[in-house]
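J.: Sequence and computational prediction follow.
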Amino acid sequence: MDPNMLKRLIILLKMNKYIFSYAIILILTIISCSNIKDDKVLFGKLKNGKDVYKYILTNDVCEVEVISYGAIITSIKFPDINNNLVDVVLGFNDLEPYLEKHPYFGAIIGRYANRIADGKFKLNNIDYNLALNNNGTSLHGGIQGFDKVNWNVVSYDSENKRYIKLNYLSKDMEEGYPGNLNIYVTYTLTVNNELKVEYEAETDKTTIINPTQHSYFNLSGESSGDVLDHLLVLNADSYLPVNKNIIPTGDIRSVEGTPFDFRERKKIGRDLNENDDQLALGNGYDHCWVLNDYGKGLRKISEVFSEDTMIKMEVFSDLPGVQLYIGNFLDGTIKSKKGKQYIKRSGFCLETQYFPNSPNTSDFPSTVLEPGEKFFSKTTFKFSIQKK
Ligand code: BGC
């Protein structure tokens, strides 16, 4: 072959090699970018075809994922004592199961977390009837609560990935609640591994409000079985006993000498099989504790610890109550993120809140929000490793 021709051929081949490599790089970039828009990752599509994105918060130690649907926290990953990342919240890998029936995994609950007896209450002499969805009561905002709507992302710190602020406008009489309620939830991840949840809201008519965060935690890992060995502290001298519909009777009962005493570190499961009428009514713990020092701003209300991972979670809140729910109704039918089963009691919720059924219990702190007032509340979940 003519040596010039050979040279030209080699150059062409080399060029082609470069062109080929560039083409591959371009294709890979297009593929990886097709799921990412402004640092948010496509998580799935709603039934109406609208895209739902996942937003990542990170501080290089801890990683939190939030989606706009239900303002749901889909994962919280924190390194265990051996530096292995552990996902400490129950949930799903994609959107579809979140659109089906599930027990409020990771969602923001509203307008009113927990139960309102018969779904009825009176405000300014007007009777209101809420959507009933739980044994004749209204639970967690009704049939389509804040957990089942797509929130607007009003700001996301796409550069440092430290916070996301979401908004939902709940229309007048939605699920039976009066007033257009404009609510914002901000999730912030700090350098100290604190996940802050802040709620702000305003209304144009007198209404009631009681939002909460409904994450199911398992500090040994979301697919690791039940949480009965977790060590729990609740800074509460009393709790609210319930009736057969898990509605508080209105009494405030001391925890002293009962299975409800978590003032000293105790395994969640230690007293669970005691013969106690309240444990029977709740199918286990599904009660609101009356937190100490309400009215003094943000204070530590709880601490939970897993001896498997040595991960500790501390909870701080400005609210009067916390519902400890230990997944009594999980029965293994829901698949975990790792394809295992979410068995009974495989997660615990610490739902900071006003007391259940407050609009019908005059002795409980008020949940009424008037036009012109600003609702604000804050709860922080702080993760760390404790070497015993
Ligand atoms: C309630 C439980 C309920 C669960 C899931 C909790 O907040 O207290 O009674 O079963 O949510 O729906």
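T.: Thanks, I have the structure now. Numbers count the residues shown, from 1 in each chain.

J.: From now on I want contacts and neighbour counts done on CA atoms only, so please keep to that.
T.: Fine.

J.: isn't Lys122 right up against Gly176?
T.: No. Using Cα atoms under 8 Å, Lys122 makes no contact with Gly176, being 11.9 Å away.

J.: what residues are shared contacts of the two?
T.: Common contacts of Lys122 and Gly176, defined by Cα atoms under 8 Å, 6 or more residues apart in numbering, comprise Tyr128.

J.: Can you pick out the residue with more neighbours from these two?
T.: Gly176 (17 against 11; other Cα atoms under 10 Å).

J.: which residues does the more buried one contact?
T.: Here Gly176 is in contact with Tyr128, Asn129, Leu130, Ala131 (Cα under 8 Å, 6+ apart).

J.: How many neighbouring residues does the last one have?
T.: Other residues lying near Ala131 total 21 when counted by other Cα under 10 Å.

J.: now swap in the second one and tell me
T.: For Asn129, the tally of surrounding residues (other Cα under 10 Å) stands at 15.

J.: now this protein, which segments are flagged as low pLDDT?
T.: Low-confidence segments of the chain (pLDDT under 70): 1-38, 388.

J.: let's go with 80 and repeat that
T.: In the predicted model, the chain carries pLDDT under 80 at residues 1-39, 388.

J.: Phi, psi for the residue of it found nearest the ligand please.
T.: The ligand sits closest to Pro103 of the chain, with a gap of 4.5 Å, by Cα to the nearest ligand atom. Phi and psi for Pro103, reported as degrees, to the nearest 10, are phi -80, psi 60.

J.: and this structure, which residues reach the ligand?
T.: When proximity is defined as Cα under 6 Å from any ligand atom, the chain approaches the ligand at Pro103, Asn114, Asp286, Tyr325.

J.: hmm, which of these are the buried ones?
T.: Taking 16 or more other Cα atoms under 10 Å as the criterion, what is buried in these is Asn114, Asp286, Tyr325.

J.: Secondary structure added to those residues, as JSON lines?
T.: Formatted as JSON lines, these follow (DSSP: H, G, I helix; E, B strand; the rest coil):
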{"residue": "Asn114", "secondary structure": "coil"}
{"residue": "Asp286", "secondary structure": "strand"}
{"residue": "Tyr325", "secondary structure": "strand"}
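
J.: So which of these is the closest to Pro356?
T.: Asn114 (5.4 Å; Cα to Cα).

J.: Wait, the closest one touches Asn134, no?
T.: No. Checked against Cα under 8 Å, the pair Asn114 and Asn134 is beyond contact range at 10.3 Å.

J.: Against Arg345, how distant is the residue of the chain closest to the ligand?
T.: Here Pro103 is placed at a distance of 12 Å from Arg345 (Cα to Cα, to the nearest Å).

J.: what's the burial count for Glu373?
T.: Other residues lying near Glu373 total 13 when counted by other Cα under 10 Å.

J.: What ranges does the stretch 151-300 of the chain have for its helices?
T.: Taking DSSP state H, counting those that start in this stretch to define them, one finds helices in the stretch 151-300 of the chain at 277-281.

J.: give me every residue that touches the nearest residue to Asn283 once chain neighbours are set aside.
T.: Leaving aside its chain neighbours, Asn283 sits nearest to Asn328 (6.2 Å; criterion: Cα to Cα, 6 or more residues apart in numbering). By Cα under 8 Å, 6+ apart, Asn328 lies in contact with Asn283, Gly284, Tyr285, Asp286, Lys344, Arg345.

J.: how does it look with 7 Å?
T.: Neighbouring residues of Asn328 by Cα atoms under 7 Å, 6 or more residues apart in numbering: Asn283, Gly284, Lys344, Arg345.

J.: which parts of stretch 100-110 are buried?
T.: Quick answer for stretch 100-110 (16+ other Cα under 10 Å): Tyr104, Phe105, Gly106, Ala107, Ile108, Ile109, Gly110.

J.: Let me fix that, I meant to ask about stretch 165-174.
T.: Buried residues in stretch 165-174, counted by 16+ other Cα under 10 Å: Lys165, Leu166, Asn167, Tyr168, Leu169, Ser170, Asp172, Glu174.

J.: Show the contacting residues for the closest residue in space to Asp147 that isn't next to it in sequence.
T.: Spatial nearest neighbour of Asp147, excluding adjacent residues (Cα to Cα, 6+ apart): Gly70 at 3.8 Å. When contacts are counted by Cα under 7 Å, 6+ apart, Gly70 is found next to Ala107, Ile108, Phe146, Asp147, Lys148, Val149, Asn150, Trp151.

J.: cutoff 6 Å now
T.: Shown in contact with Gly70 (Cα atoms under 6 Å, 6 or more residues apart in numbering): Ala107, Phe146, Asp147, Lys148, Val149, Asn150.

J.: farthest pair in these?
T.: By the measure Cα to Cα, Ala107 and Asn150 form the most distant pair in those, at 11.3 Å.

J.: so where does the residue nearest to Asn283 fall, helix or strand?
T.: Secondary structure assignment for Asn328, by DSSP states H and E: no helix or strand.

J.: Please apply the same query to the one 10 residues further on.
T.: In the assignment (DSSP H and E), Lys338 maps to no helix and no strand.

J.: Measure how buried the residue lying closest to it once chain neighbours are set aside is and give me the count.
T.: Spatially, and ignoring its direct neighbours in sequence, Lys338 is nearest to Ser223 (6.4 Å; Cα to Cα, 6+ apart). Neighbours of Ser223 under the rule other Cα under 10 Å: 24.

J.: Report the separation between Ser223 and Gly347.
T.: 9 Å.

J.: Kindly report the same for Tyr69.
T.: Here Tyr69 is placed at a distance of 21 Å from Gly347 (Cα to Cα).

J.: Could you check which of the two is surrounded by more residues?
T.: Higher neighbour count among Tyr69 and Gly347: Gly347, with 30 against 26, using other Cα under 10 Å.

J.: Fine, thanks again, bye for now.
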